[in-house]
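Asker: Quick one: sequence plus predicted model below, questions after.
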Amino acid sequence: MQRLFAPGGPWAVPWAQNVLPVIEELTARHPQQTLFTRFVPAARPGEGPGMWARYYRRWAEVTLANIDTGLVDLMPSLARFVPPARTLDKHVYSPWTEGRLDAMLNGSGIDTLVITGGETDVCVLATVLGAIDRGFRVVLATDAICSSVDQTHDALMELYRSRFSEQVEAVRIEEVLENWR
């Protein structure tokens, strides 16, 4: 839910504006328990480990050298919650790979993650799979996630509900808010 993916951003996700009010409502109710992850592109074209270098040659116009770096920021209506909400920058799709999220959560007593944001078939998928692997209870707020491609969003929603039905609870935000303790 960054400016990179907002309308007019280089990687605009049209549905982001539709899920934004739902994410705002959740965050407003639980800002101290909110962690936003931000995808931070490579500094320059061709940088990054392995295939990420190729990726950033393809997406050279979205490297930090070629964009307004403010595009990495959260959408303004969410940025206002920081602090007390926190942010975690990541340079790949998964927030788990670089180890900082594990460090933040280890010993915290947190056993449930409510996942929102974009994209359903990229960063959300990476977040969900990492959370499953670590044994977290995963609650996916179905009306608070989005993708730029409806077909893959729908396919992932089916995957979450069928293949991962024992590990992912796919529910609407009102159910999350009613049951948050």
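Answerer: That came through fine.
Asker: Name the residues of stretch 167-176 that come out as buried.
Answerer: Burial within stretch 167-176, assessed by neighbour count using 16 or more other CB atoms under 10 Å, is assigned to 167, 168, 169, 170, 171, 173, 176. From N, CA and C alone the C-beta is placed, and that goes for glycine too.
Asker: I figured the fourth one hits residue 142, correct?
Answerer: Right, the one you point to is residue 170. Yes. With contact defined as CB atoms under 8 Å, residue 170 counts as touching residue 142 (5.2 Å).
Asker: what touches both of those two?
Answerer: Common neighbours of residue 170 and residue 142, using CB atoms under 8 Å, 6 or more residues apart in numbering, are residue 157.
Asker: so the spatially most central residue of the chain is in which element?
Answerer: Residue closest to the average C-alpha location in the chain (CA atoms, centre = their mean): residue 117, at 4.6 Å. Following DSSP states H and E, one finds residue 117 within strand 112-118.
Asker: strands paired with that strand, and their directions?
Answerer: strand 137-146 (parallel) (DSSP bridges).
Asker: Can you pull out the residues in contact with the partner strand?
Answerer: Contacts of strand 137-146 (CB under 8 Å, 6+ apart): 13, 15-16, 18-19, 22-23, 26, 111-120, 124, 128, 131-132, 153, 157, 160, 167-173, 176.
Asker: export it as CSV, just CAs?
Answerer: In CSV, the C-alpha atoms belonging to strand 137-146 read as follows (Å, rounded to 0.1, in the frame of the first residue of the first chain):
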residue,chain,number,x,y,z
ARG,A,137,-2.1,-18.4,12.6
VAL,A,138,-2.8,-16.6,9.3
VAL,A,139,-5.9,-14.5,8.8
LEU,A,140,-6.2,-13.2,5.3
ALA,A,141,-8.6,-10.2,5.1
THR,A,142,-10.2,-11.0,1.8
ASP,A,143,-11.7,-7.5,1.2
ALA,A,144,-8.4,-5.8,2.2
ILE,A,145,-6.1,-7.4,-0.4
CYS,A,146,-5.8,-6.7,-4.1
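Asker: In contact with the closest residue to residue 34 other than its chain neighbours, which residues?
Answerer: Leaving aside its sequence neighbours, residue 34 sits nearest to residue 85 (CB to CB, 6 or more residues apart in numbering; 3.9 Å). Remark: with contacts taken as CB under 8 Å, 6+ apart, residue 85 is in contact with 27, 31, 32, 34, 35, 36, 78.
Asker: From those, list just the buried residues.
Answerer: The neighbour count (16+ other CB under 10 Å) marks 27, 31, 34, 36, 78 as buried among the contacts of residue 85.
Asker: SS state for the first one?
Answerer: Looking back up the chat, that one is residue 27. Put simply, residue 27 is helix when judged by DSSP: H, G, I helix; E, B strand; the rest coil.
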